[in-house]
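Visitor: Here is my input, please return the structure:
(one chain, ligands or ions: 1)
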Amino acid sequence: MIFLDMDGVLCDFAGGVCALFGKDAPQAGDLAQELHQHLGIAKGLMWSRIAEAGARLWEGLEPLPWADELVALVRSHGELVIATAPSLNPASLAGKLTWLQRRFGRNFRDFVVTPQKHLLAAPGRILIDDSPRHVDAFSAFGGLSTLFPSIENGLLRPDQDPVMDLRNWLKQTDRPAAE
Ligand SMILES: [Mg+2]
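Guide: The predicted structure follows:
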């Protein structure tokens, strides 16, 4: 079973939030900084504007350029389950479900919404996520995880193909540990 994150991995959260403020999104290779710093505002103000935008912000996030390829890759390696954490605003739940239904169909049920992704960890389970916190906790609780490079975590390099890197990583995990 492979858990796949949404924001920063499948959806362009940074782009959506910056559009809300009428600003250009950070680009791959930019100095890593938090999104509110890029916007030049307080973190609390950024999140209150996101909350005001409601479900529409979340459901309207653009898929990242590699989203389809990434989903196909994950499905070729195991059972895909989307794992996403909601914001503190309840509207994010609705927006995220709408996003998933638009891309995967109305009957799509292979998802879990939780801020505590480590509770999903178990031997043989994989988490692909761009949050160091989620990745570290998932590994600490017995799963296997990999940090996906994103604009949000500052690890995406210009011209990098994150799906190719992941393909190589997944190939390694297929090998028995004894080899
Ligand atoms: Mg994320």
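Visitor: May I have the phi/psi pair for the residue lying closest to Asn153 once chain neighbours are set aside?
Guide: Excluding the flanking residues, the one nearest Asn153 by Cβ to Cβ, 6 or more residues apart in numbering is Asp130, at 4.8 Å. Any C-beta I mention is one placed from the backbone N, CA and C, and that applies to glycine too. With angles defined as degrees, to the nearest 10, Asp130 sits at phi -100, psi 10.
Visitor: thinking Asp130 is in contact with Leu4, fair?
Guide: No. The criterion here is Cβ atoms under 8 Å, and Asp130 misses it with Leu4 at 10.7 Å.
Visitor: any idea how far the ion is from the residue nearest to Asn153?
Guide: Separation of Asp130 from the ion (Cβ to the ion, to the nearest Å) stands at 4 Å.
Visitor: How many residues are close by that residue?
Guide: The number of residues packed near Asp130 is 24, by other Cβ atoms under 10 Å.
Visitor: got the contact list for it?
Guide: Counting by Cβ atoms under 8 Å, 6 or more residues apart in numbering, Asp130 touches Asp5, Asp7, Gly8, Val9, Leu147, Phe148, Pro149, Ser150, Glu152, Asn153, Leu155.
Visitor: possible to save those residues as CSV with distance to Ala28?
Guide: As requested, these are exported to CSV (distance: Cβ to Cβ, whole Å):
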residue, distance to Ala28
Asp5, 18
Asp7, 16
Gly8, 12
Val9, 14
Leu147, 15
Phe148, 13
Pro149, 8
Ser150, 9
Glu152, 11
Asn153, 11
Leu155, 9
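Visitor: I'd like to know which of the residues you listed are buried.
Guide: For the contacts of Asp130, a burial check counting by 16 or more other Cβ atoms under 10 Å picks out Asp5, Asp7, Gly8, Val9, Leu147, Phe148, Pro149, Ser150, Glu152, Asn153, Leu155.
Visitor: These: which ones sit near the ion?
Guide: The subset of those within reach of the ion, by Cβ under 5 Å from the ion, is Asp5, Asp7, Gly8.
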